[in-house]
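Undergrad: fold the following for me, if possible:
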Amino acid sequence: MTDPVSRTILLLDIEKYSDRDDVEQTYLRRMLYDIADRALETAGIDEPQRWRADRGDAVMELIDANASVARLLRALLTEVPAQLRATNRMASSSAQIRLRAVLATGYVAIDGHGGWVGSDLNHACRLLDAELLREALRERSDDFVLCVSEPVHAGIVRHEYAGIPASDFHPVTVGSKNGPLPAWLHGPVPKGAATGSGTGGHGVEGGRPAPASTEGGRAGDGSDGGTATTAPSAVAPPVSPAPVSPAPAGPAPGPQFFGGSPSFGGSLVMGDQTGVSGGWVGGDVVMGGSTGPATDAERGERS
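TA: Residues are numbered from 1 along each chain as shown. Just a heads-up that it's a prediction; the model follows:
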């Protein structure tokens, strides 16, 4: 195997290729090659700077690292859509061609059988095959969808080079056997899909929309580890105590004594005394008289 070298990776794939018959597939492959060649020529990439691998319904291009990635990206954003419109305008409904594309960079080696080997190449292929990219193309009225890798976005897109509007690219995360792959999708993200951070954050996990996050934590799918917080319970407003009516004016309840020296059970009650209630009063009660024992005459009068 050769030592890995830096390459720009361009992948193009035909939508619904296997649904066509042999004659239509032959036509579509010819159109695919023509579109790829025109895009590379527009970007100023000559034959000695590129290597092609045929994948039936797809084409893989390895491009010399000295070739301008910005020029190639501009060609993908302008030349390829224009060619697709022109081709499909003259083609029958069964010969319409729609493409998914991935632009990435990385290190690639060549093994003893002439095959291409490299984890960066594997990641680009998984982006191309992601359900997210397929769904994005299905939802669009035009015939082309493009996804770029995180290094291409960091090195080219985010710097707003001429003809490459960074605001048209949206971060997504695609799941793979080796973990989540951050990438940037050109154009609208499929409906219901949340955008990610572009650096491995949440977003479209496994090519499917991730659950919407909630304040205080994410409603994760297990990979994010987030937990949605519960809204605080409503607290009932304090209840004001019922007003207490003032006691009516007038004499206080209970027995009242005015004048004299009343005595209860032999004890002298002095002054105005109130509030004797609920108990048993025994002994001689004398109202207004002396405090001594009652005489027989007095007892006779009371009886």
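
Undergrad: quick one, helices of this protein?
TA: Ranges of helices in the chain, per DSSP state H, are 22-42, 69-90, 119-128, 131-139, 150-155, 296-302.

Undergrad: need those helices in TSV with mean neighbour count, distance to P180 and mean pLDDT, can you?
TA: The C-beta positions use only the backbone N, C-alpha and C, and glycine is treated the same way. Listed next are the helices of the chain as TSV, based on neighbours: other C-beta atoms under 10 Å; distance: least, C-beta to C-beta, whole Å; pLDDT from 0 to 100:
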stretch	mean neighbour count	distance to P180	mean pLDDT
helix 22-42	16	29	94
helix 69-90	17	24	95
helix 119-128	20	11	93
helix 131-139	19	12	94
helix 150-155	18	11	96
helix 296-302	9	107	50
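
Undergrad: of all these, which one comes closest to L11?
TA: Among the helices of the chain, helix 119-128 comes nearest to L11, with 4.7 Å by C-beta to C-beta.

Undergrad: for that closest one, packing partners?
TA: Helices and strands touching helix 119-128, by 3 or more C-beta pairs under 8 Å, 6 or more residues apart in numbering; DSSP states H and E, are strand 5-14, strand 99-110, strand 144-149, strand 181-186.

Undergrad: between strand 99-110 and that helix, find me the angle.
TA: Computed by axes from the mean of the first three to the mean of the last three C-alpha atoms, to 10 degrees, the angle separating helix 119-128 from strand 99-110 equals 160 degrees.

Undergrad: give me the contact list for stretch 123-131.
TA: With contacts defined as C-beta atoms under 8 Å, 6 or more residues apart in numbering, stretch 123-131 is touched by 9, 11, 13, 58, 100-102, 104, 106, 133, 147, 149, 174, 176, 178, 181, 183, 206-208.

Undergrad: quick revisit: in TSV: the helices and strands packed on helix 119-128, plus mean neighbour count, distance to A67 and mean pLDDT.
TA: Converted to TSV, these look like this (neighbours: other C-beta under 10 Å; distance: least, C-beta to C-beta, whole Å; pLDDT from 0 to 100):
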stretch	mean neighbour count	distance to A67	mean pLDDT
strand 5-14	21	6	95
strand 99-110	21	11	95
strand 144-149	25	16	97
strand 181-186	24	20	95
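
Undergrad: redo these as TSV? Include distance to N122.
TA: Formatted as TSV, the helices and strands packed on helix 119-128 follow (distance: least, C-beta to C-beta, whole Å):
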stretch	distance to N122
strand 5-14	10
strand 99-110	9
strand 144-149	12
strand 181-186	10
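
Undergrad: out of the ones you listed, which gets nearest to L62?
TA: Here strand 5-14 is closest among the helices and strands packed on helix 119-128 (C-beta to C-beta), at 4.6 Å.

Undergrad: return stretch 92-111 as PDB; C-alpha atoms alone will do.
TA: The C-alpha trace of stretch 92-111 is given here as PDB (Å, rounded to 0.1, in the frame of the first residue of the first chain):
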ATOM      1  CA  SER A  92     -38.300  12.100 -20.700                       C
ATOM      2  CA  SER A  93     -39.800  11.500 -17.300                       C
ATOM      3  CA  SER A  94     -38.000   8.200 -17.000                       C
ATOM      4  CA  ALA A  95     -34.600   9.700 -17.900                       C
ATOM      5  CA  GLN A  96     -34.700  12.500 -15.300                       C
ATOM      6  CA  ILE A  97     -31.400  12.700 -13.400                       C
ATOM      7  CA  ARG A  98     -31.100  14.000  -9.900                       C
ATOM      8  CA  LEU A  99     -27.800  14.000  -7.900                       C
ATOM      9  CA  ARG A 100     -26.600  13.900  -4.300                       C
ATOM     10  CA  ALA A 101     -23.000  15.200  -3.900                       C
ATOM     11  CA  VAL A 102     -20.400  15.300  -1.100                       C
ATOM     12  CA  LEU A 103     -17.300  17.400  -1.100                       C
ATOM     13  CA  ALA A 104     -14.600  16.500   1.500                       C
ATOM     14  CA  THR A 105     -10.900  16.500   2.000                       C
ATOM     15  CA  GLY A 106      -8.600  13.900   3.700                       C
ATOM     16  CA  TYR A 107      -5.800  11.400   3.300                       C
ATOM     17  CA  VAL A 108      -6.200   8.500   0.900                       C
ATOM     18  CA  ALA A 109      -3.800   5.600   0.100                       C
ATOM     19  CA  ILE A 110      -3.800   3.000  -2.700                       C
ATOM     20  CA  ASP A 111      -3.600  -0.600  -1.800                       C
END
